[in-house]
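J.: okay, sequence plus prediction incoming.
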Amino acid sequence: MKKTYSAEFKAQVVREVLKEQKTINQIAAEFGVHPQMLYRWRDAVLDALPGVFNNQQAKSQAEQLATQQRQVELLYTEIGKLSTQLNWLKKKAGPLADDLPT
């Protein structure tokens, strides 16, 4: 029967492997896992490591984009309000409105 291990367990074991304070065989005996499995888990973690930073960068970029979009919406709202006020002032100013900027 094939054993299955939780992601938390694998992470805990790989952390021990990466500390390099004990040999793979010592860690394998301590956790009851075949040494070859530890090598596979370690390699999988090291292969996936660059993606961790790419995901953080992508999240950061998405947050910046969302912030910029909110700012653009606020600015367009403000432009709309100012345009409405300007048109109202032109209407109320009558003949003086010819001197106001468009």
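T.: Now that the structure is in, tell me what you want to look at.

J.: longest helix of this protein?
T.: Taking DSSP state H as the criterion, the chain has its longest helix at helix 35-93.

J.: how about residue 38, what does it touch?
T.: Contacts of residue 38 were listed using CB atoms under 8 Å, 6 or more residues apart in numbering, and they are 13-14, 17, 24, 27-28. The way it works is simple: take the backbone N, C-alpha and C, and place the C-beta from them, glycine included.

J.: dump these to TSV, plus secondary structure.
T.: Putting the contacts of residue 38 into TSV (DSSP: H, G, I helix; E, B strand; the rest coil) gives the following:
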residue	secondary structure
13	helix
14	helix
17	helix
24	helix
27	helix
28	helix
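
J.: and which of these is nearest to residue 45?
T.: Within the contacts of residue 38, distances to residue 45 taken as CB to CB reach their minimum at residue 14, with 5.1 Å.

J.: that closest one contacts residue 41, doesn't it?
T.: Yes. Look at residue 14 against residue 41 with CB atoms under 8 Å: they come within range, at 5.1 Å.

J.: check contacts around the residue nearest the centre of the chain.
T.: Within the chain, the residue whose C-alpha comes closest to the C-alpha centroid is residue 59; the distance, by CA atoms, centre = their mean, is 1.9 Å. Taking CB under 8 Å, 6+ apart, we find residue 59 in contact with no residue.
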